[in-house]
Every structure is written in structure tokens, then in C-alpha cells.
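Enquirer: sharing a model that was predicted from the sequence below.
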Amino acid sequence: MIDRRSLLFAGGASAALAALGIPLDALAAAGLQLGEPRPFSFERLVTRAKSLAGRPYVADNSLPADVLQQIDYDAHGKIKFNADNALFREGPGAFPVTFFHLGRYFQTPVHMHVLETASGDGFAREIVYDASYFSMPADSPARKLPDGAGFAGFRLQESRLGDQKKLPWETNDWVAFLGASYFRAIGELYQYGLSARGIALDAAMPDRPEEFPSFTRFYFEPPGSDSSAMTVYALLEGPSITGAYKFVMQRGRAVLMDIDARLFLRRDVGRFGLVPLTSMYWYSETVKPTGIDWRPEVHDSDGLAMWNGAGERIWRPLNNPTQTRASSFADKSPHGFGLLQRDRVFDHYQDGVGYEKRPSLWVEPIGDWGEGAVQLIEIPTDDEIHDNILACWVPKAPATAGSSYSLKYRLHWAADEPFPSPLARCVATRLGRGGQPGQPRPQGVRKFMVEFIGKPLEAIPFGVKPELVLTASRGKFSYIFSEAVPDGMAGHWRAQFDFAAEGNDPVDMRLFLKLGDQPLTETWLYQYQPF
């Protein structure tokens, strides 16, 4: 229950914040209600998360469930945050903050707070929910929610300073946090796509359901007047975990996020997925069943890229499997990994939703992460509406109750990976019937065409062909050779081979091109499911 006598209304909010150290124009709070000041610092938030981990989890069921259920997809779409009420609308900094409304699909109340100083050490005041912040129909079920109900999430809007080449800031955002611990950002191509998460617990485990902890509190630090960054703190809560996060998010050509996460386990976790990335892959040029859809390709990401601790660059094309599959790539002190969208050609999609502009997301570890594995979860899907891909880092040591973790990393939301390899990279994987044209096609044999482009392949002397280094966990290869792709593009080669599987279990393949002892390409990994 909120004591409305403790709230600050209208102009009183700005005056009170000014008394705490924020300039009068630092907050467009004419329509916002702010709670009483409470001490805040990141270390206080960490201490709170650690304390909560020592107590049983209690879900927030304070809101009327029947009202939330009435705010369905259509009703939620008619609720719009009024930009006049945006946090930091008039500064400081260039990025106003707007909020998402609760509803059927976002039922966990999230409490928003504004800090008094740019140091993150001082006092915080809650931004108390009121229906007047939003435009909604007179008969909207949202009007039945009580004051102080909370929000579903928030968005960071593009520069309030305006740019005639972009949409007005009120309709153009660059970061969004919404649902459980999900968040996403646009890249330099101004398009949303895949998402990140604060944590992934027990994803695709056969003996236990996946858990989705939530960010339940956010704290917004006032940025500097000329800052291109926003600092936001978050409290994570779930049945098995608590955590405190610090996000420093910078809007440049790409979006960079420096993240400091402190995590505390309430109970054992089977698959402890740190830095999880979530995306959608339906189909691509690799395998496309006849007539599945009118578009040539549909995916937010087309592969998992890894730069392991040994320095090897790896490309693993994504699959839409017939059943859920988990792949693990053991590593020590990785340099990074990411889900990438390498195919940037509109004609390969023929769709107006911008698949060719979807951002790639690269994880750069800060410090030594030790031993563990990049794990890839691929889930069957028959539509583009489902996120069926998960990539995350799983530490080698078991995740047991009472354990704590401190993790720092940087997320790069961009068109490409931020630290490109000097080696040629894979740009396409194509499967077809094995054998040779004009000859009877052998049963159970698949032909692979794996394409690479890059400067090392441009330097190959005329008449010389690179050698394929090719292995598989089972089965036999035949008809193996490499050739330049006859498209006039320098450094564009393909490796071709036929493969006959043994049995029906998935087969792990590995390939790279070399000349003498010198690798020319990154390593292509693929999990082939015999038909």
C-alpha cells in the first residue's frame, strides 16, 4: 500500500529533486509521481540481492490477475505512454526514458526509480505508476489497476535533440527491457532483432522446467548533459537466483553495453546459462523444405561465431532441428562469442520486415572467465514468431545453492562482429542431393557446398587450389574438392563434398581450408541430421 501523502506531485517533483542535487530542468516530472527518497548505491543493491538469496522466494501477486488477463494483445496495443511524461525529457543527457504498461503477457510488476546524482551513490525515488501517464481508451481494463501498480518495462528513446533523417524521438527507441530478464537493442542498421537476457536457468533440461527470473526493479542514473551513455541498475529475482546488475549503455554507431552482474543462487541449477542470447532461426539457404513459405530465408541470426581461448575462429551455422538439441563447445578463457546475422542481402529474404538489417550480438568477456563451454540450444519451430535459439556461457563448476558469481562483459549490438578475423569467413552452407548430374543419385548421400570469402583466398596463386581439412564424428566423405565460385568476386571459394551418414543420429562435422601449413579460413562446424 502506497501512502499518497508521501508522493510528490506536479512541479513539486522537480523542486524536491533540485533540493537533492538534480537541476530543475533535469527531469520532466510534471506528470510523474515520485516516492520518498531512499538510500541507494550499487553495493547496497548487491547486498540486498545477497540477503534475498538467503530467504525463500516470494512472487509478487499483489495485482488483480483477472484485470491483467483482460489486458490482452489488442488491449495492450491501444495503451501508449505519453511522451510528455518521459523521464529526462528535457535532459540531462540526450535519451528520454518511456515505460511499457503491464498486461496479460507482462504480469510481473516492475518498479522504476530515478537516482538523484550521476554517481549512482545517494538516494533513489520510485516513479509511482499512474494510469494518467498513458493514453488509453476510456473503457480500457488497464484503468482498473491501482496506483503504484508498477510497469512492465522501459525504453530508451533516440536523441531528444532531433535528427531530420530519423523518426521523432517519441517513436524511435534504441534499447528496450520487457518481460522477465529480456532486453534488446538496435544496431547500426536501426532494426531490432534478437534479444539478450540477464540469465537462463535450466533451458532445455529433460528433467526440469526452464526458469525465467525477472528484473523487478530498475534505477536510472541521470546522465551527463553531453553524455552518449545511460547507466541503469537492476535487481533480478527468481525462485533459484537473485542478482544485481549495472548496465552502462552507449549509443554510437552501434550500441555498446558494459554489464557488471553479481549473482547469488538460492538452489541448485542444472544448466546455468550466463550471458544468454536468444534469437530466431526458421530456415535459410542451407535447408528449405519445398513450399514451406514464399520467402527464400527467414531468420534473425544465421550462425554462432566463437573466438575461443586457443585463438581459433569458429562458425557454426544454425539449424531448425526435428527435436530440441543442445551442443556444447568446451573452452577456457574465451575471447568472445555471438549470434550473428551475416546475410545482408535483401533479395535473400524478399520481405519488408528487415531481416537483412537485424543486428548481430557479440559477447566480449571482461576478465578471465575460466573453464566452461559455450552452449547452443536449438528448438524446432514452424514459424517466425518463436525464438528457438539460445546461446550462453556455462561455467564448468556445478551451479549449487549458496554459490555466488561476479561477471563483467560487454555486449556489441552491431552489423558484424567487432573483432573480425584476418581469415576468410564462411558466408553460406548449402545442402542438396549427393552424386553427379546425369548419374543415378545414391540413396542417403548429401552434397555440401560451403562458401568462404576473404583476403587470404584472394592471394592464392592462379591454378592452385586450397586443401580441405575435413572430419566427421561418423560417416564417409567422397567427391571432395575446392573451387573458386564463378561470380567474378575475388577471394570467393567453396568447398564441396558428398557425405554418407552411418545411422540416424546427428553427425558433427568440421572443415577449414588451408594452403600448405597455413589456415586460410575460419573453422566451419556443422551438426548434420541425416534425412
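Expert: In hand now; what should we look at?
Enquirer: how long is stretch 467-477 end to end?
Expert: Terminal residues of stretch 467-477 lie 15 Å apart, using Cα to Cα, to the nearest Å.
Enquirer: and that stretch, what's buried?
Expert: E467, L468, L470, A472, G475 (16 or more other Cβ atoms under 10 Å). C-betas here are computed from N, CA, C, even on glycine.
Enquirer: same question for stretch 474-492.
Expert: For stretch 474-492, the buried set under the neighbour-count rule, 16+ other Cβ under 10 Å, comprises G475, S482, A484, V485, G491, H492.
Enquirer: now do the contacts for the fifth one.
Expert: Going back to what we said before, that points to G491. A424, I453, G454, K455, P456, L457, E458 (Cβ atoms under 8 Å, 6 or more residues apart in numbering).
Enquirer: if we can go back for a sec, tell me the one among the buried residues of stretch 467-477 nearest to E211.
Expert: A472 (35.9 Å; Cβ to Cβ).
Enquirer: one step back: farthest pair within the contacts of G491?
Expert: I453 and P456 (10.1 Å).
Enquirer: anything in contact with each of the two?
Expert: Common neighbours of I453 and P456 (Cβ under 8 Å, 6+ apart) are A424, G491.
Enquirer: helices or strands next to the helix ranked longest in the chain in the packing?
Expert: If you go by DSSP state H, the chain has its longest helix at helix 42-53. The contact analysis (3 or more Cβ pairs under 8 Å, 6 or more residues apart in numbering; DSSP states H and E) places helix 42-53 against strand 229-237, strand 241-251, strand 255-265.
Enquirer: contacts for the strand or helix carrying W393?
Expert: Using DSSP states H and E, W393 falls within strand 389-395. With Cβ under 8 Å, 6+ apart as the test, strand 389-395 has contacts from 200, 203-204, 271-281, 301, 304, 318, 328, 334, 337-339, 363, 369-379, 405.
Enquirer: that older thread, go through the helices and strands packed on helix 42-53 and name the closest to A415.
Expert: Comparing the helices and strands packed on helix 42-53 under Cβ to Cβ, the one sitting nearest is strand 255-265, at 11.3 Å.
Enquirer: sheet partners, orientation included, of the closest one?
Expert: strand 241-251 (antiparallel), strand 404-414 (antiparallel) (DSSP bridges).
Enquirer: put together TSV for those, with mean pLDDT and mean neighbour count on each row.
Expert: Converted to TSV, the strands paired with strand 255-265 look like this (pLDDT from 0 to 100; neighbours: other Cβ atoms under 10 Å):
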stretch	mean pLDDT	mean neighbour count
strand 241-251	97	22
strand 404-414	98	18
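Enquirer: possible to save those strands as CSV with distance to V97?
Expert: Listed next are those as CSV, based on distance: least, Cβ to Cβ, whole Å:
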stretch, distance to V97
strand 241-251, 11
strand 404-414, 18
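Enquirer: who wins for proximity to T429 among those strands?
Expert: strand 404-414 (22.6 Å).
Enquirer: just the angle between the closest one and helix 42-53, please?
Expert: Taking axes from the mean of the first three to the mean of the last three Cα atoms, to 10 degrees, strand 404-414 and helix 42-53 form an angle of 120 degrees between their directions.
Enquirer: which elements pack onto the next helix-or-strand element following strand 404-414?
Expert: Using DSSP H and E, the helix or strand that directly follows strand 404-414 along the chain is strand 425-433. The elements that strand 425-433 packs onto, with contact taken as 3+ Cβ pairs under 8 Å, 6+ apart, are strand 313-317, strand 445-453, strand 523-528.
Enquirer: now, of those strands, which is deepest in the fold?
Expert: strand 313-317 (a mean of 23; mean count of other Cβ atoms under 10 Å).
Enquirer: output that strand as CSV, nothing but the C-alphas.
Expert: Output in CSV follows, covering the C-alpha atoms of strand 313-317 (Å, rounded to 0.1, in the frame of the first residue of the first chain):
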residue,chain,number,x,y,z
ARG,A,313,37.8,-18.7,-35.0
ILE,A,314,34.7,-20.9,-35.4
TRP,A,315,31.5,-20.5,-37.4
ARG,A,316,28.6,-22.8,-36.6
PRO,A,317,25.5,-22.4,-38.9
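Enquirer: now for it, which elements pack on it?
Expert: So strand 313-317, by 3+ Cβ pairs under 8 Å, 6+ apart, packs with strand 303-307, strand 325-332, strand 425-433, strand 523-528.
Enquirer: pretty sure D416 contacts S360?
Expert: Yes. Counting by Cβ atoms under 8 Å, S360 is a contact partner of D416 at 5.9 Å.
Enquirer: can you pull out the helices in this structure?
Expert: Using DSSP H, helices in the chain cover 11-20, 42-53, 65-70, 73-77, 455-458.
Enquirer: with mean pLDDT and distance to G309 added, can I get the ones you listed in JSON lines?
Expert: Listed next are the helices of the chain as JSON lines, based on pLDDT from 0 to 100; distance: least, Cβ to Cβ, whole Å:
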{"stretch": "helix 11-20", "mean pLDDT": "44", "distance to G309": "47"}
{"stretch": "helix 42-53", "mean pLDDT": "98", "distance to G309": "28"}
{"stretch": "helix 65-70", "mean pLDDT": "96", "distance to G309": "46"}
{"stretch": "helix 73-77", "mean pLDDT": "96", "distance to G309": "45"}
{"stretch": "helix 455-458", "mean pLDDT": "96", "distance to G309": "23"}
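Enquirer: so S181 sits against I199, correct?
Expert: Yes. S181 sits in contact with I199 when judged by Cβ under 8 Å, with a separation of 5.9 Å.
Enquirer: I'd like to know which of the contacts of strand 389-395 are buried.
Expert: Applying 16+ other Cβ under 10 Å to the contacts of strand 389-395, the neighbour count classes 200, 203-204, 271-281, 301, 304, 318, 334, 337-339, 363, 369, 372-379, 405 as buried.
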